[in-house]
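J.: Fold the stuff below for me.
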Amino acid sequence: MKTRFLIFLLILGGLLSCKNTSKESESVTKESKPEPVAIHKPKTYAEISIAQGGEWTDGSRGHKEYSNGTTFKNVTKLTVPKAHTDHSWYLKYEGPGWESNKVGYRLYLDWRNAIDIFGKVTDSLELYHVGQDGFDSYHEMSDWGMDILKAGKSLGIGSIGRYVNDEVLHFNSVEQTTANVENNTESSSVLVNYKGWKTAGEIIDLKSILSIKSESRITKHTIQSSKAISGICTGIVNHNVGIVKMNDMSGPWAYIATYGEQTLVPDQLGMALFYMVDTVDNLKEGKDDHLVIFKPTTAPITFYFLAAWEKEKHGITNQDDFFTYLNEKLAELNTNNDL
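T.: So this is what the prediction gives:
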């Protein structure tokens, strides 16, 4: 009897020991389980989107139009069709777009070659659905914002033209234009190559790279010409609200800027363009633009431009704060040579 009781105690002790070991093992497993990895949420985006399901037909404006398109399809690279021009309905909002969580921009990928501004009242990325529900829908205020700039015959903000005989020449004659977009972890870019751009008897190839970073309203624009010609320029549309020219002699960078009621709403908008002084030949008042005219060169030229809309979420809402912001960015450029 004693023997049986001893055997029972030994078996019970073994069971309890296994149970405790299992609990300890489970505890160790729980404690050593790695924390879930945070998913990175992009804060920049670039796209170019083409119409699908239709066909090219003779339009009412005297040029071909893409008619009866049913959907838009995003592509990473595009060779612009010969038939494409302004208001041909082939490209969603007429060209590539890029944005941060603060502001969006678009480039008219036709003879105008102007850059427009999408003002945003939210800090989310919005371009993927802009223009999907109607060509002109983004000219009206929506829950994300709207197209706020009237570019007209100007360069808009930060695009490229050529100043010849008191006139800004756009991209009326180009042999071929290709564009592609890139989206990375902290930035997005639009790359455009213009082959055979003809102006005033000169023919060049021009490369353009536009990029934006997270948490920034600033676009970095780098251009490079295949031939050193005079008059290559950029600028800001002139909406007659006054202009401030700033040249900080302590460093190599300067800016031109405007502030005031210069949107389609209308309400307050600040626009600025930072340029490296040594690359610039002259500053001019054109018919439609405040112009920065570059020296002839085949070396890359980099400049920066930005828009600050008063309705931007947690944005800049007055002129004093706008120019304080610009001067801070100018100091950063003069220190780091980069934004």
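
J.: Contacts only, for the most centrally placed residue in the chain.
T.: For the chain, the residue nearest the mean C-alpha position is residue 98 (3.1 Å; C-alpha atoms, centre = their mean). Counting by C-beta atoms under 8 Å, 6 or more residues apart in numbering, residue 98 makes contact with 44-47, 104-106, 127, 181, 188-190, 210-212, 219. Using the backbone N, CA and C atoms, a C-beta is placed for each residue, glycine as well.

J.: Excluding residues flanking it in the chain, which one is nearest it?
T.: Closest residue to residue 98 apart from its sequence neighbours, by C-beta to C-beta, 6 or more residues apart in numbering: residue 46 at 4.0 Å.

J.: What of residue 187?
T.: residue 213 (4.8 Å).

J.: now swap in residue 48 and tell me
T.: Excluding its sequence neighbours, the residue lying closest to residue 48 (C-beta to C-beta, 6+ apart) is residue 96, at 4.1 Å.

J.: Give me the neighbour count for that neighbour.
T.: By the criterion of other C-beta atoms under 10 Å, residue 96 has 26 neighbours.

J.: Residue 147 too?
T.: Residue 147 has 23 neighbours, counted by other C-beta under 10 Å.

J.: How about residue 327?
T.: 13.

J.: Check residue 121 too.
T.: Counted with other C-beta under 10 Å, residue 121 comes out at 16.

J.: Then residue 323?
T.: There are 19 residues near residue 323, going by other C-beta under 10 Å.

J.: three-state assignment of it?
T.: Reduced to three states with DSSP: H, G, I helix; E, B strand; the rest coil, the structure at residue 323 is helix.

J.: how far away is it from residue 335?
T.: Residue 323 is 19 Å from residue 335, where distance means C-beta to C-beta, to the nearest Å.

J.: Looking at the contacts of residue 98, which one is closest to residue 91?
T.: If you rank the contacts of residue 98 by distance to residue 91 using C-beta to C-beta, residue 106 comes first, at 9.6 Å.

J.: Let me see the contact set for the closest one.
T.: Contacts of residue 106 by C-beta under 8 Å, 6+ apart are 93-98, 115-116, 118.

J.: With residue 145 instead?
T.: By C-beta under 8 Å, 6+ apart, residue 145 lies in contact with 104, 118-122, 126, 311.

J.: What ranges does this structure have for its helices?
T.: 2-32, 319-336 (DSSP state H).

J.: mean pLDDT lowest for which of those?
T.: Among the helices of the chain, helix 2-32 carries the lowest mean pLDDT, at a mean of 41.

J.: Could you report the distance from residue 326 to residue 335?
T.: Taking C-beta to C-beta, one finds residue 326 at 15 Å from residue 335.

J.: okay, the two: which has more neighbours?
T.: residue 326 (21 against 11).

J.: Not counting sequence-adjacent ones, nearest residue to residue 267?
T.: Spatially, and ignoring its direct neighbours in sequence, residue 267 is nearest to residue 310 (5.6 Å; C-beta to C-beta, 6+ apart).

J.: Could you count how many residues lie near the one you found?
T.: If we define neighbours as other C-beta under 10 Å, then residue 310 has 18 of them.

J.: list the contacts for residue 300?
T.: The contact partners of residue 300, by C-beta under 8 Å, 6+ apart, come to 222-224.

J.: filter those to the buried ones?
T.: 222-223 (16 or more other C-beta atoms under 10 Å).

J.: Strands - which of the contacts of residue 300 land there?
T.: Judged by DSSP state E, strands contain the following of those: 222-224.

J.: before we move on, the earlier item: pretty sure the residue nearest to residue 48 contacts residue 47?
T.: Yes - between residue 96 and residue 47 there is a contact under C-beta atoms under 8 Å: 6.8 Å.
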